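Visitor: any chance you could fold what I've pasted below:
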Amino acid sequence: MNSRERVMAAASHQEPDRVPVDMVLTIDVYRDMKRLLKMDHLPDTPRMGHWTDVQMPLEMIQALDLDMYYISPRSAKSAHSRQFEDGSFTDEWGCYWKKTMIDGGHFYFELQNPPLADATIEDLEDYEWPDPSDPKRYEGLREEMQMVRDKSDLAILAKFAGAVFEVATYMRGHERWYRDLVNNQEFAHALLDKVCKIQKEIDRVCIDAVGEYVDILRLSGEDLGTQDSPLISPRIFRKVVKPHLEELWVSAKTELLKKNPQGKVMLHSCGSIRPFIPDLIDCGIDILDPVQPGANHMNRYELKQEFGDQIVFHGNIDIQKILPFGTKDEITGEVRDAIKALAPGGGFLLSPAHNVQSDVSAENLVHMIECAHEFGVYPIQL
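Guide: Okay, here's the model as predicted:
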């Protein structure tokens, strides 16, 4: 099997020749991987997203023997967009992201000054919203995807639109937003509807432009859980949030299947989200990422038994303790256990359980990949 066949078999609940492997690196880890692979000729700063995640060059993906090429979203400019000298920026939604330095010269972007903190429903009508039809959103995508098809047999994982629930949170501010979900639901519905309609059109426009290349569409990342529990109750989720997410997800999947009838949709949602998994399945989600292993009630064996015939799992290699701080033996054990739990019968795409952060060494990632290739051969015998 080639990589694309391997990924699509696993994503269809079939057993491929081995478990597919992929990962997304943040900027510091990417540079460390350049060092380890002696790829100094690669760009030092490839295209980078809000979370410092980078577009990994095809040459690096192939050198690591990964199975997917991830195409990250393009952002358009709006009246709100600003870039500041210190590296901070205001995005097209009007959210200000402060560049914050941490030990070792690493950095991340921290949300400050939510633009709709004091807004009313009437204010939403006058706000300058992003233009979902801006052609910059798909500029160069066809050429990049065709290059991947011409030069590799990798599956293409693409993300176009962003979040709905999370964008609403950023625009309103966390504390105010969670109060809205309980005691100002009319406003919550209005804001979610505004964001949903824009994200829905972004997906439609981009899928129309390049959807035939997309094997897996990564939908809006919607973190619905903390380490310990869901962020909101299932009752509030189903009453206020789910209708808008379902509108976006069903629309995106419908558009994708018109262009690629074998296409799949993946949802990213961190944390302890087990109570929501039946809802995600109900909304047509094919693949769940990242299946955070350290979160409460996310036991990999139980999830496979309860949901393994209805949804595919992507991720699940611990990035909070094992990959950054574990020994080689501990990494081996984590990979073996994830494969033993989730791989039988297909339905598992192995990856670190989030974008790889700066505390993870390139050497540990290479060891994870080697273990996945060793223990992930079908039939699984662990």
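
Visitor: specify the beta-bridge partners of residue 96.
Guide: Under DSSP bridges, the beta-bridge partners of residue 96 are residue 90, residue 112.

Visitor: residues near it, how many?
Guide: By other C-beta atoms under 10 Å, 19 other residues sit near residue 96. All C-beta atoms are positioned from the backbone trio N, CA, C, and that covers glycine.

Visitor: what stretches of the stretch 201-350 of the chain score poorly on pLDDT?
Guide: Nowhere does the stretch 201-350 of the chain drop to pLDDT under 70.

Visitor: all strands for it, in order.
Guide: Assigned by DSSP state E, counting those that start in this stretch, the stretch 201-350 of the chain shows strands spanning 216-218, 264-268, 287-289, 312-317, 348-352.

Visitor: CSV for those, including mean neighbour count?
Guide: Shown next, in CSV, are the strands of the stretch 201-350 of the chain (neighbours: other C-beta atoms under 10 Å):
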stretch, mean neighbour count
strand 216-218, 27
strand 264-268, 22
strand 287-289, 25
strand 312-317, 27
strand 348-352, 29
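
Visitor: which among these is found nearest to residue 14?
Guide: Closest approach to residue 14 among the strands of the stretch 201-350 of the chain (C-beta to C-beta): strand 312-317, 10.4 Å.

Visitor: paired strands for the closest one, with orientation please.
Guide: strand 287-289 (parallel), strand 348-352 (parallel).

Visitor: same list (the ones you listed) but as CSV, adding distance to residue 154.
Guide: Shown next, in CSV, are the strands paired with strand 312-317 (distance: least, C-beta to C-beta, whole Å):
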stretch, distance to residue 154
strand 287-289, 16
strand 348-352, 13
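
Visitor: hang on, residue 367 packs against residue 328?
Guide: Yes - the pair residue 367 / residue 328 is scored as a contact, 5.7 Å apart, by C-beta atoms under 8 Å.

Visitor: neighbour count: the two, which is higher?
Guide: Neighbours were counted for residue 367 and for residue 328 using other C-beta under 10 Å; residue 367 has more, 18 against 13.

Visitor: dump the residue contacts of the most centrally placed residue in the chain.
Guide: With distances taken as C-alpha atoms, centre = their mean, the residue of the chain nearest its centroid is residue 268 (4.5 Å). Contacts for residue 268 (C-beta atoms under 8 Å, 6 or more residues apart in numbering) come out as 218, 219, 221, 222, 223, 289, 290.

Visitor: ok, so of those, who is nearest residue 347?
Guide: Closest to residue 347, out of all of these and judged by C-beta to C-beta, is residue 289, at 13.0 Å.

Visitor: in contact with the nearest residue to that closest one once chain neighbours are set aside, which residues?
Guide: Closest residue to residue 289 apart from its sequence neighbours, by C-beta to C-beta, 6 or more residues apart in numbering: residue 314 at 4.1 Å. Residue 314 is in contact with 266, 287, 288, 289, 290, 291, 348, 349, 351, counting by C-beta under 8 Å, 6+ apart.

Visitor: so how far is residue 333 from residue 314?
Guide: Distance of residue 314 to residue 333, given as C-beta to C-beta, to the nearest Å: 20 Å.

Visitor: then residue 196?
Guide: 42 Å.

Visitor: with residue 134 instead?
Guide: Following C-beta to C-beta, the distance that separates residue 134 from residue 333 is 47 Å.

Visitor: beta partners for the residue nearest to the centre of the chain?
Guide: Applying DSSP bridges, one finds that residue 268 bridges with residue 289.

Visitor: distance of it from residue 26?
Guide: Applying C-beta to C-beta to residue 268 and residue 26 gives a distance of 15 Å.

Visitor: identify all contacting residues around stretch 197-207.
Guide: 129-130, 132-133, 137-138, 141, 160-164, 167, 214, 217, 220, 247-248, 251-252, 255-256, 258-259.

Visitor: read off the pLDDT value for the residue with the largest distance to the centre of the chain.
Guide: The centre of the chain is farthest from one residue, residue 122, which by C-alpha atoms, centre = their mean lies 32.7 Å away. We have a pLDDT of 97 for residue 122.

Visitor: dump the residue contacts of it.
Guide: For residue 122, no contacting residues are found, by C-beta under 8 Å, 6+ apart.

Visitor: where's it, which helix or strand?
Guide: helix 121-126 (DSSP states H and E).

Visitor: same question for residue 145.
Guide: Per DSSP H and E: helix 141-151 holds residue 145.

Visitor: mind listing what's buried along that helix?
Guide: 141, 144, 145, 148 (16 or more other C-beta atoms under 10 Å).

Visitor: what's the closest non-adjacent residue to the last one?
Guide: Looking back up the chat, that one is residue 148. Distances taken as C-beta to C-beta, 6+ apart place residue 69 nearest to residue 148, at 4.9 Å, with adjacent residues excluded.

Visitor: quick one: name whatever helix or strand follows the helix holding residue 145.
Guide: strand 155-159.

Visitor: which strands and helices sit next to the following helix or strand past that next one?
Guide: Downstream of strand 155-159, the next assigned helix or strand under DSSP H and E is helix 165-172. Applying 3 or more C-beta pairs under 8 Å, 6 or more residues apart in numbering; DSSP states H and E, one finds that helix 165-172 makes contact with helix 174-183, helix 185-210.
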